[in-house]
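[1] show me the folded form of this:
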Amino acid sequence: MNTLPRLFVLCALLGCDPQRADWGLGAITTAKTPTDDPSLACGVALPVDKLAEQRAACAFSAGTYAETSLGVTPTTAAAIPIRHVIILMKENRSFDHLLGKLHDQGQPLTDAIPAGYANDDANGVSVAPFHQTNTCLAQDPFHQSTEMAVCVNGGKMDGFVRNAANGTNSDGHWAMGVYEKTELPFTYWLASNWALADRHFAPMVSGTYGNRNFLLFGDNATVVATGIVFPPPNTPSLLHLLLNAGYTWGAYSDSEVFSGAMHWQATDPGVHTIAEFFDAVDKGTLPNVAFVDADEYITDDHPDADLQAGEAWTKKVYDHVVKSPQWPRLALFWTFDEGGAFFDHVPPPQACRASENSPFTDLGTRIPFVAISPWAKRHFVSHVVHDHTAMTRFIELIFHLPALSTRDANSDALLELFDFSCGRDLSFVDPPAAGTGACVDPASPGTH
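    Predicted coordinates for the structure are as follows:
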């Protein structure tokens, strides 16, 4: 007899959740963050990358240490002066959608949207990118694997309008909107003044859960579509690796940590509030790795959230981080989990399979990515192809952890974004205030 339905009925009566399980991470509640070595400082010379072709050919396998796949000696890796990594991952916005005018408004080293680029709507009307002035779109385009495949359309990047129209009772034109510095002054400043990666792609052609899983597992961890299944708790994760190696981590949110991808609750080990995050930043008591999520549909930038409210929240995080006692040993990565089916003109390339049996090689659409650190290059643009497992590999390099999968084993660890030499000007100007007043009509899908 099949006992699974009875289990679900019993759980419904008792208030339990049959998909929740013990991840074996309880030790994080008493783990102590190692004291930073006071001798860590400038002067680390990163070698010329001679292994890029091998990584592109997926030559390195799960279990490989970053020193081996990057050609960095253990001594050099241990001397890198970063011991705290903050990953601020927001929701569902593409690069061109948020930063499509960056080439003309602050960072000419990134490419512009090509003249003539457009998408046809369902009636054959050509829709070119246009200036979107409403920061609180009411519509959320479908963006799971089937819909994202329509958007990308084999690399033609011409299905965003048709996809946005499906299921939203609209013409879908709003998916081609571009925000400018007028609406998002702090966002444009961040991307202009720090180290920008303009070839950072979502790890797979799908939605939130699978893409976030690549950061934590180097793999989608059985998840293709959001909200159906969750990773098995016995899946090897970055969290386990850190804890087993004697390093700490924390997941911070007042909503769902990891945007719900792990199915964790506020009472799970390692989960903290945003107030606790700011307290740790201000006191200099951050763990070695902090995963930070904003409030869902309020400050996380997921439609129909007001992007200006999200920008103000990101700026608050930034303002605290650069004043933290841990700033000299810190790197903050600001990015998005996936593009949310908003347009981008750059065809996603392919990446290594996470495992031999994984079918996922196509990357998702391009998303914003900025590295903020005393050691990040200023006003710099990297054109190297990345996905979220590059952050995984960066953490594996800093803390001497083995690769979780073939995907992160062949990631470049974002090293092009950093300069650890001495004699650099480490001062920086204060950022502009976040934008205000552009939430024109929360009920409108956007004007065109």
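[2] residue boundaries of the helices in the stretch 301-448 of the chain?
    Counting by DSSP state H, counting those that start in this stretch, the segments of the stretch 301-448 of the chain that form helices are 307-321, 389-398, 406-409.
[3] between those helices, which one is closest to L238.
    helix 389-398 (5.9 Å; C-beta to C-beta). All C-beta atoms are positioned from the backbone trio N, CA, C, and that covers glycine.
[4] buried deepest among the helices of the stretch 301-448 of the chain, which one?
    helix 406-409 (a mean of 30; mean count of other C-beta atoms under 10 Å).
[5] ok so, going back, nearest to C42, out of the helices of the stretch 301-448 of the chain?
    helix 389-398 (16.0 Å).
[6] dump that closest one to CSV, restricted to CA.
    What follows is helix 389-398, C-alpha atoms only, in CSV (Å, rounded to 0.1, in the frame of the first residue of the first chain):
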residue,chain,number,x,y,z
THR,A,389,29.3,29.3,-9.4
ALA,A,390,32.1,31.9,-9.9
MET,A,391,31.1,33.2,-6.5
THR,A,392,31.1,29.6,-5.2
ARG,A,393,34.6,29.2,-6.6
PHE,A,394,35.8,32.4,-5.0
ILE,A,395,34.7,31.2,-1.6
GLU,A,396,36.3,27.8,-2.3
LEU,A,397,39.5,29.6,-3.1
ILE,A,398,39.5,31.9,-0.1
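[7] use 282 as the first number for this chain going forward.
    All right, first residue 282 from here; so that's helix 670-679.
[8] which strands or helices does it pack on?
    Under the contact definition 3 or more C-beta pairs under 8 Å, 6 or more residues apart in numbering; DSSP states H and E, helix 670-679 sits against helix 347-351, strand 365-371, helix 489-498, helix 519-525, strand 611-617, helix 687-690.
[9] need these in a markdown table with mean pLDDT and distance to E464, can you?
    Formatted as a markdown table, the helices and strands packed on helix 670-679 follow (pLDDT from 0 to 100; distance: least, C-beta to C-beta, whole Å):
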| stretch | mean pLDDT | distance to E464 |
| --- | --- | --- |
| helix 347-351 | 96 | 38 |
| strand 365-371 | 98 | 16 |
| helix 489-498 | 94 | 24 |
| helix 519-525 | 97 | 35 |
| strand 611-617 | 98 | 17 |
| helix 687-690 | 98 | 35 |
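[10] out of the ones you listed, nearest to F572?
    Checked against C-beta to C-beta, the stretch from the helices and strands packed on helix 670-679 lying closest is strand 365-371, at 5.2 Å.
[11] got the contact list for that closest one?
    Identification of contacts with strand 365-371 by C-beta atoms under 8 Å, 6 or more residues apart in numbering yields 493, 496, 540, 567-575, 581-583, 591, 595, 598, 602, 607, 610-618, 672, 675-676, 679.
[12] partner strands of that strand and their direction?
    As defined by DSSP bridges, the strand partners of strand 365-371 come to strand 570-573 (parallel), strand 611-617 (parallel).
[13] now do it and helix 588-602, the angle between them.
    Strand 365-371 runs at 170 degrees relative to helix 588-602, counting by axes from the mean of the first three to the mean of the last three C-alpha atoms, to 10 degrees.
[14] CA atoms only: put strand 365-371 into CSV for me.
    Listed next in CSV are the C-alpha coordinates belonging to strand 365-371 (Å, rounded to 0.1, in the frame of the first residue of the first chain):
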residue,chain,number,x,y,z
HIS,A,365,34.4,37.8,4.8
VAL,A,366,32.2,37.5,1.8
ILE,A,367,28.7,39.0,1.5
ILE,A,368,26.4,37.8,-1.3
LEU,A,369,23.5,40.2,-1.8
MET,A,370,21.3,38.4,-4.4
LYS,A,371,18.2,40.1,-5.5
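[15] now that strand, how far from the centre of its chain.
    Distance of strand 365-371 from the chain centroid (C-alpha atoms, centre = their mean, to the nearest Å) equals 8 Å.
[16] ok so, going back, could you identify the buried members of the contacts of strand 365-371?
    By neighbour count, with 16 or more other C-beta atoms under 10 Å, the contacts of strand 365-371 hold 493, 496, 540, 567-575, 581-583, 591, 595, 598, 602, 607, 610-618, 672, 675-676, 679 as buried.
[17] verify the stated contact: P513 with V504.
    No - judged on C-beta atoms under 8 Å, P513 makes no contact with V504 at a distance of 10.1 Å.
[18] as a markdown table, the strands paired with strand 365-371 with distance to A719 would be great.
    Shown next, in a markdown table, are these (distance: least, C-beta to C-beta, whole Å):
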| stretch | distance to A719 |
| --- | --- |
| strand 570-573 | 24 |
| strand 611-617 | 19 |
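[19] hmm, back to that, between the helices of the stretch 582-729 of the chain, which one is nearest to T529?
    Per C-beta to C-beta, nearest to T529 of those: helix 670-679, 12.2 Å.
[20] report the angle between the closest one and strand 365-371.
    170 degrees.
[21] between helix 670-679 and helix 489-498, what angle do the directions make?
    Using the same axes, to 10 degrees: helix 670-679 against helix 489-498 is 20 degrees.
[22] give me the distance from helix 670-679 to the chain's centre.
    Using C-alpha atoms, centre = their mean, the offset of helix 670-679 from its chain centre is 13 Å.
[23] same deal with stretch 589-596?
    For stretch 589-596, the distance to the chain centre is 16 Å (C-alpha atoms, centre = their mean).
[24] what's in contact with it?
    369, 371, 416, 464-465, 467-468, 471, 575-576, 579-582, 615, 712, 714-720.
[25] could you do stretch 394-412 as well?
    For stretch 394-412, using C-beta under 8 Å, 6+ apart, the contacting residues are 377, 381, 438-443, 446, 452-454, 456-459, 461, 624, 626, 729.
[26] mind listing which of those residues are in strands?
    Residues of the contacts of stretch 394-412 located in strands (DSSP state E): G458, V459.
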